[in-house]
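S.K.: would you be able to build a 3D model of this:
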Amino acid sequence: MKIALVAQHSTPLPSATDATTAGDDARLVEMSRSLAGEGHAVTVYARRNGQRLPERAELAPGVSVEYVGPSDSSADDSHLVRQIGAFSQPLRERWSKDCPDVVHALRWTSGLAALSAARDLPVPVVQSFDQLGVTERRHGLIPAGAGTERIRLEPAIGRTVSAVVAGSYDEESDLTRLGIPRRSIRVVPTGIDTDEFTPEGPACERGDRHRLVTVADLTAEQEALDILLRAMSKIPGAELVVAGGPPRGELGGDLSYRRLAKLSDSLDLGSRVFFAGQVGRSSLPPLLRSADLLVNLNQHEPLAITSIQAMACGTPVVASAVGGQVDAVVDGTTGILVEPGRPALLAQRIRALLAHPMQLEAFSVAATDRARSRYSWDRIAHETLAVYDTALAA
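M.R.: Now for the predicted structure:
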């Protein structure tokens, strides 16, 4: 099968190593590599991102990347929308001569570009949104009055394509509320690298205290971090490592950090809370392995990637019962799901778990098994290919 992955927002580079490739680019590389590993030819169509790049390069064995569109560096939605014509026209020209068997668009602007390029061609288009505009607005990530074009167009894209891949059952519910037929939606979560995120390997040094780790955007997740700090005041003998924000050396200039540090001091947590700043991808597995628990109270977790990575490292998860967390964390088996906004209850649940090391160990074993069996890229590739086969049959 010839698979075209359209990623207008992304610029994966062949020269980048796995350790330095992060976020969307890393998931795109891992997904395309896994699809190619099943014997399929994969071409990724990505933007140039203001760099001098060749028209075509090998991203991985069986995976080529073509950089199309203008050579600019902006990746905000408004700019990507203005560039859809310039991005889709080269795709149209290529596909008219050599049509792929299936097109998979990643994010909404890529969906617009893919539908434009595939118009009147005998090829199904599959869509992944990753994050819906209505969901982000509900969580306050899109200000009122902004993002109206995206919120208007995402339902139209979903109703036009052959199939929609939802990252969680929570996203599936939002898609159906937008009027997208449930029969055209398939839930396929994101994958993680289960060779990189594993219980085996180095761990960050720690003392005798129980260690909790959280990974959060210091600005976007202020409320969640406030709740966690207040809960920490009721968990004596435990320490908390907060990963996120600017690099550690630049934390002092960050307003969100200063506010959180002031709250920590007011709660007399200064010696038990450590702000690590930005943690690179290669440093994340050792940090997760060093923890007794990952605590993820982020209120917007469409994919729950960090929670899944922690489970793969053998670290149980305490998480808010929102978004992709509900799918990823098996309550009472791989961790605990908690009702958002209740620091006293959160502290009580964590204290009870830390007081029972045998249960903590059982959670650790179950967490590793679930991450490996459910979220390996091999399994995600098989499920994604099943969506392609359904779209082709239709």
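S.K.: residue boundaries of the strands in the protein?
M.R.: Applying DSSP state E to the chain gives strands spanning 2-7, 41-47, 56-60, 63-68, 102-106, 125-128, 163-166, 185-187, 210-215, 238-243, 273-277, 293-296, 317-320, 335-338.
S.K.: tell me which of those strands sits most buried.
M.R.: Among the strands of the chain, ranked by average contacts under mean count of other Cβ atoms under 10 Å, first place goes to strand 102-106 (a mean of 28). (Each C-beta comes from the backbone N, C-alpha and C, glycine too.)
S.K.: what residues does that strand touch?
M.R.: Residues outside strand 102-106 that contact it (Cβ atoms under 8 Å, 6 or more residues apart in numbering) are 1-7, 9-10, 28, 95, 111, 113-115, 117-118, 123-128, 130, 161, 165, 384, 388, 391-392.
S.K.: so what's the residue nearest to Gly237 when sequence neighbours are not counted up against?
M.R.: Spatial nearest neighbour of Gly237, chain neighbours left out: Arg209 (6.0 Å); criterion: Cβ to Cβ, 6 or more residues apart in numbering. Contacts for Arg209 (Cβ under 8 Å, 6+ apart) come out as 237-239, 272.
S.K.: Gly37: which of those is nearest?
M.R.: Set against Gly37, the nearest of the contacts of Arg209 by Cβ to Cβ is Glu239 (40.7 Å).
S.K.: from the contacts of Arg209, which is closest to Tyr169?
M.R.: When the contacts of Arg209 are compared against Tyr169 (criterion: Cβ to Cβ), the nearest one is Ala238, at 32.3 Å.
S.K.: got the contact list for the closest one?
M.R.: So Ala238 contacts 209-212, 232, 272, 350, 354 (Cβ under 8 Å, 6+ apart).
S.K.: in a markdown table, list those residues along with distance to Leu303 and pLDDT.
M.R.: A markdown table is the format used below for the contacts of Ala238 (distance: Cβ to Cβ, whole Å; pLDDT from 0 to 100):
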| residue | distance to Leu303 | pLDDT |
| --- | --- | --- |
| Arg209 | 31 | 96 |
| His210 | 28 | 97 |
| Arg211 | 25 | 98 |
| Leu212 | 22 | 98 |
| Met232 | 26 | 97 |
| Arg272 | 30 | 97 |
| Ile350 | 24 | 97 |
| Leu354 | 27 | 97 |
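S.K.: for those residues, which one is nearest Ile336?
M.R.: Looking across the contacts of Ala238 and measuring by Cβ to Cβ, the closest to Ile336 is Ile350, at 8.1 Å.
S.K.: does Ala220 touch Leu141 like I think?
M.R.: Yes. With contact defined as Cβ atoms under 8 Å, Ala220 counts as touching Leu141 (7.0 Å).
S.K.: got the strands of the chain as CSV, with distance to Ser88 columns?
M.R.: As requested, the strands of the chain are exported to CSV (distance: least, Cβ to Cβ, whole Å):
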stretch, distance to Ser88
strand 2-7, 9
strand 41-47, 9
strand 56-60, 18
strand 63-68, 9
strand 102-106, 11
strand 125-128, 12
strand 163-166, 19
strand 185-187, 24
strand 210-215, 36
strand 238-243, 38
strand 273-277, 40
strand 293-296, 37
strand 317-320, 39
strand 335-338, 42
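S.K.: which among those is found nearest to Leu345?
M.R.: Proximity to Leu345 (Cβ to Cβ) singles out strand 335-338 among the strands of the chain, at 6.6 Å.
S.K.: next up, the contacts around Leu115.
M.R.: Counting by Cβ under 8 Å, 6+ apart, Leu115 has contacts 105, 125, 157, 160-161.
S.K.: give the contact list for the residue lying closest to Asp331 once chain neighbours are set aside.
M.R.: Leaving aside its chain neighbours, Asp331 sits nearest to Leu337 (4.3 Å; criterion: Cβ to Cβ, 6+ apart). Leu337 sits next to 319-321, 325-326, 329, 331 when contact means Cβ under 8 Å, 6+ apart.
S.K.: again, only this time at 6 Å
M.R.: 319, 321, 329, 331 (Cβ atoms under 6 Å, 6 or more residues apart in numbering).
S.K.: how close does the last one sit to Glu339?
M.R.: The spacing between Asp331 and Glu339, counted by Cβ to Cβ, to the nearest Å, is 11 Å.
S.K.: quick one: which of the contacts of Leu115 is nearest Ala216?
M.R.: Ala105 (29.4 Å).
S.K.: contacting residues around Val213?
M.R.: Per Cβ under 6 Å, 6+ apart, neighbours of Val213: 241, 291, 294.
S.K.: ramachandran angles for the spatially closest residue to Ile305 that is not a sequence neighbour?
M.R.: Nearest residue to Ile305, sequence neighbours excluded (Cβ to Cβ, 6+ apart): Thr190, at 6.1 Å. Backbone torsions of Thr190, given as degrees, to the nearest 10, read phi -70, psi 160.
S.K.: quick thing: my sequence starts at 119, can you match it?
M.R.: In the new numbering, first residue 119, that becomes Thr308.
S.K.: isn't Thr308 up against Ala422?
M.R.: No. In this structure, Thr308 is not within contact of Ala422 by Cβ atoms under 6 Å, at 8.5 Å.
S.K.: the more surrounded of these two?
M.R.: Ala422 (28 against 21; other Cβ atoms under 10 Å).
S.K.: which one is that one nearest to, not counting chain neighbours?
M.R.: Leaving aside its chain neighbours, Ala422 sits nearest to Gly442 (3.6 Å; criterion: Cβ to Cβ, 6+ apart).
S.K.: do Gln427 as well
M.R.: Using Cβ to Cβ, 6+ apart and skipping the chain neighbours, the partner closest in space to Gln427 is Phe315 (4.6 Å).
S.K.: quick one, phi/psi of the one you found?
M.R.: Dihedral angles of Phe315 (phi, psi; degrees, to the nearest 10) stand at phi -100, psi 100.
S.K.: list the contacts for it?
M.R.: With Cβ under 6 Å, 6+ apart, Phe315 has these contacts: 403, 427, 430-431.
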